[in-house]
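>>> quick one, structure for this:
(2 chains)
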Amino acid sequence: MTDNNYILEAHALNVFYGSFRAVADVNLNILRNNITAIIGPSGCGKSTLLRSFNRMNELYTGTRTEGEVLFDGQNLYDKDVDPVEVRYRIGMVFQRANPFPKSIYENIAWGARIHGFKGNMDELVEFSLRQAALWDEVKDILKQSGLSLSGGQQQRLCIARAIAIQPEVILMDEPASALDPIATLKIEELMQDLKKKYTIIIVTHNMQQAARVSDFTAMMMLTGTESRSGTVIEFDATNKIFTRPSDKRTEDYVTGRFG
Amino acid sequence: MRKTFESEIQKLKDEVLVMGSLVEQAILGSVEALKIRDIPASQLIYDADAHINSMRYEIEEKVMIAIATQQPMAHDLRLLASLLEVSGELERMGDYAKGIARINIRMGDQPLLKPLIDIPRMARRGTDMLNRSLTAFVNEDAEAARLIPSEDDEIDALYNQVYHELMLFVIQDARSIERANWLLWVAHNLERLADRVTNICERTIFVATGEMKEIDASDDEHRVE
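Numbers count the residues shown, from 1 in each chain, chains lettered A, B, ... in the order given. This is a model prediction of the structure:
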């Protein structure tokens, strides 16, 4: 039985790079219309876990995934599921903003057109840019290159581009790590608006950011003695993780004793 | 890693202990000065309260700097928040000592209504509880902190005893009201001191375990037996 409050459920999820098991035995339920943060030291498999939520790992050669990820109850890794379709419904925003070398307008329109969008494109572009809190800044320069924008604007353009495909989930991999504090704050504020419509999962190295923006936090770490694999050691409400975590290793990490 | 932060935290704990011992001395000294009617000694204690207050502000400022610069989480955050609370409790306890000193000064050359026996006992019991509660706090010893608040019952019992005794004086001779009232106020300050010790114990448990719960030490100082 699937509790339909959970939009995504990872069950006994394992991800391998060749023979190396990067992510081990993860069970994680993601609540709809919430922001879930994944934290943990470098190299513990956070991004790998994030990418397994929209089958992005398959774009890297030699990766293999075991276990299942249910999306609205449907296993994303079933044979008859089209990974391209998965990535439309579960969008992704990366650490470095990567707009296409096209106009601001085309950055939004292009993906939607490919995806077969038949509606009013001007409306979709405006809607997406408004959702990404970028409209007021670019409405008069839609024909300019996306690359002419500042780093923070480029990142919001990428969020708008993800939104234009009308996803249900947005995965964010360190979306603000290359941005200054003001641009970071804009992204964080934007996330609070976006979660009303979308579900967000964010990987971040910035503990304060995880504490500020997320509702739930998953703490990952390398465990195991012979071969070290990343796994979720604690998952709880964010307020609890950052004020009274249950696991000593989480405590040590969030207070800066390692990591 | 964390060397700077750890040493800042250690310094803050040391300052709380120093502040605590100043409060203990002030409480014991104010009661002793009253007992032997040493007004100059009370004046010194009265004036020295400003130093206790300034220590509280220093601790508060250091805690705020640590929060701003270290962005503490989990245990560190609980500890820093509790350092604010505990230094605030100590500052208020210092005010009780100052209040007792003021009573001795105000009494001028009027004699004590009765020799002080239970009031010094309250002061000793209270400061002993305070001393142990602060040791538990800096050691983050939840077990020790859990044991201390029940001793508040003894302080309450002593307070009730003082209260009834003073009421007898008042009933016998209405002119003794003012002098009885002074001593009652002294006892009341000492009773409140012990209540604040309970707050320190609650904070200690919070720092150590994350559990925030009121310890139900009996607070009914006017209980009629």
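>>> and what about the nearest residue to A:Leu194 once chain neighbours are set aside, helix, strand or coil?
Spatially, and ignoring its direct neighbours in sequence, A:Leu194 is nearest to A:Ile200 (6.3 Å; CB to CB, 6 or more residues apart in numbering or on different chains). (Each C-beta comes from the backbone N, C-alpha and C, glycine too.) Of the three states, A:Ile200 takes strand under DSSP: H, G, I helix; E, B strand; the rest coil.
>>> list the contacts for A:Ile200?
With contacts defined as CB atoms under 8 Å, 6 or more residues apart in numbering or on different chains, A:Ile200 is in contact with A:Asn34, A:Ile35, A:Thr36, A:Val169, A:Ile170, A:Leu171, A:Met172, A:Met191, A:Leu194.
>>> list the buried residues for the one helix or strand the third one maps to?
Take DSSP states H and E as the rule and A:Thr36 turns out to sit in strand A:35-39. Counting neighbours by 16 or more other CB atoms under 10 Å in any protein chain shown, one finds that the buried residues in strand A:35-39 are A:Ile35, A:Thr36, A:Ala37, A:Ile38, A:Ile39.
>>> where in chain B is pLDDT low?
Along chain B, the parts satisfying pLDDT under 70 run over B:1, B:217-225.
>>> redo that, cut-off 90
Chain B contains residues with pLDDT under 90 at B:1-4, B:68-71, B:212-225.
>>> what about the residue of it found nearest chain A, how many neighbours?
Residue nearest to chain A within chain B: B:Gly210 (2.9 Å; CB to the nearest CB). Residues contacting B:Gly210 under the criterion other CB atoms under 10 Å in any protein chain shown number 16.
>>> next, the contact list for it, please.
A:Thr243, A:Arg244, B:Arg78.
>>> among those residues, name the ones in helices.
A:Thr243, B:Arg78 (DSSP state H).
>>> now the contacts of B:Gly210 as TSV including neighbour count?
Converted to TSV, the contacts of B:Gly210 look like this (neighbours: other CB atoms under 10 Å in any protein chain shown):
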residue	neighbour count
A:Thr243	18
A:Arg244	18
B:Arg78	21
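>>> can I get the contacts of B:Gly210 in CSV with distance to B:Ser87?
Shown next, in CSV, are the contacts of B:Gly210 (distance: CB to CB, whole Å):
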residue, distance to B:Ser87
A:Thr243, 20
A:Arg244, 22
B:Arg78, 15
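>>> next, the distance between the ends of stretch B:28-42.
11 Å (CA to CA, to the nearest Å).
>>> contact partners of it?
Counting by CB under 8 Å, 6+ apart, B:45, B:97-98, B:100-105, B:107-108, B:111-112, B:115-116, B:119-120, B:123-124, B:127, B:186, B:190 sit against stretch B:28-42.
>>> pull up the residues of chain B that are close to chain A.
B:1-2, B:5, B:71-78, B:209-210 (CB under 8 Å from any CB of the partner chain).
>>> tell me the one of the residues you listed nearest B:Leu22?
B:Arg78 (25.2 Å; CB to CB).
>>> so which residue is dead centre in chain A?
Centroid-nearest residue in chain A, with CA atoms, centre = their mean: A:Leu171, separated by 1.6 Å.
>>> am I right that that one is in a strand?
Yes - counting by three-state DSSP, one finds A:Leu171 located in a strand.
>>> bridged to it, which residues?
Applying DSSP bridges to A:Leu171 gives these bridge partners: A:Met92, A:Ile201.
>>> so it touches A:Ser52, yeah?
No - with contact defined as CB atoms under 8 Å, A:Leu171 does not count as touching A:Ser52 (9.9 Å).
>>> thinking again about what came up before, can you list the buried residues of strand A:35-39 in TSV and add pLDDT?
Shown next, in TSV, are the buried residues of strand A:35-39 (pLDDT from 0 to 100):
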residue	pLDDT
A:Ile35	98
A:Thr36	98
A:Ala37	98
A:Ile38	98
A:Ile39	97
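>>> of those residues, just say which sits nearest to A:Val232.
A:Ile38 (8.2 Å).
>>> show the contacting residues for the closest one.
A:Ile38 neighbours (CB under 8 Å, 6+ apart): A:Lys46, A:Leu49, A:Leu50, A:Ile201, A:Ile202, A:Val203, A:Thr204, A:Thr217, A:Ala218, A:Met220.
>>> quick check, nearest of these to chain B?
Scanning these for proximity to chain B, where the rule is CB to the nearest CB, the winner is A:Thr217, at 11.1 Å.
>>> interface residues of chain A facing chain B?
Proximity of chain A to chain B, by CB under 8 Å from any CB, involves residues A:207-208, A:211, A:242-245, A:250-251, A:254-258.
>>> in stretch A:126-141, which residues are buried?
Buried residues in stretch A:126-141 (16+ other CB under 10 Å): A:Glu126, A:Phe127, A:Ser128, A:Leu129, A:Gln131, A:Ala132, A:Ala133, A:Leu134, A:Trp135, A:Glu137, A:Val138.
>>> dump the residue contacts of the third one.
A:Ser128 is in contact with A:Ile108, A:Ala160, A:Arg161, A:Ile163, A:Ala164, counting by CB under 8 Å, 6+ apart.
>>> swap in 7 Å and give it another go.
A:Ile108, A:Ala160, A:Ile163, A:Ala164 (CB atoms under 7 Å, 6 or more residues apart in numbering or on different chains).
>>> tell me the two of these that are most distant?
A:Ile108 and A:Ile163 (8.5 Å).
>>> among the two, which residue is more densely surrounded?
Between A:Ile108 and A:Ile163, counted using other CB under 10 Å, the more crowded position is A:Ile108 (31 against 24).
>>> tell me where chain A has helices.
Using DSSP H, helices in chain A cover A:46-52, A:83-89, A:104-114, A:121-131, A:135-138, A:151-164, A:181-194, A:207-213, A:238-243, A:248-254.
>>> tell me where the model's unsure across the stretch 51-200 of chain A.
A:59-61, A:95-96, A:111, A:114-116, A:177-183, A:186.
>>> quick one on the thing from earlier: of the residues of chain B next to chain A, buried ones?
Applying 16+ other CB under 10 Å to the residues of chain B next to chain A flags B:Phe5, B:Pro72, B:Met73, B:Ala74, B:His75, B:Asp76, B:Leu77, B:Arg78, B:Gly210 as buried.
>>> which parts of chain B are helices?
With DSSP H as the criterion, chain B has helices spanning B:3-35, B:39-70, B:74-107, B:118-139, B:142-147, B:152-172, B:177-209.
>>> contacting residues around the residue of the stretch 51-200 of chain A found nearest chain B?
Taking CB to the nearest CB, chain B has its nearest neighbour within the stretch 51-200 of chain A at A:Pro181, 13.4 Å off. Residues near A:Pro181 by CB under 7 Å, 6+ apart: none.
>>> ditto for A:Ser52
A:Leu13, A:Val15, A:Val23, A:Thr65, A:Val69.
>>> who wins for most neighbours among those residues?
That'd be A:Val23 among the contacts of A:Ser52, by other CB under 10 Å, with 28 neighbours.
>>> my guess is that residue contacts A:Gly230, does it?
Yes - A:Val23 is within contact range of A:Gly230, at 5.2 Å (criterion: CB atoms under 7 Å).
>>> shared neighbours of these two, anything?
A:Gly45.
>>> Throw the buried ones among the residues of chain B next to chain A into a markdown table and include distance to B:Met167, thanks.
Formatted as a markdown table, these follow (distance: CB to CB, whole Å):
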| residue | distance to B:Met167 |
| --- | --- |
| B:Phe5 | 54 |
| B:Pro72 | 50 |
| B:Met73 | 53 |
| B:Ala74 | 51 |
| B:His75 | 48 |
| B:Asp76 | 50 |
| B:Leu77 | 48 |
| B:Arg78 | 44 |
| B:Gly210 | 45 |
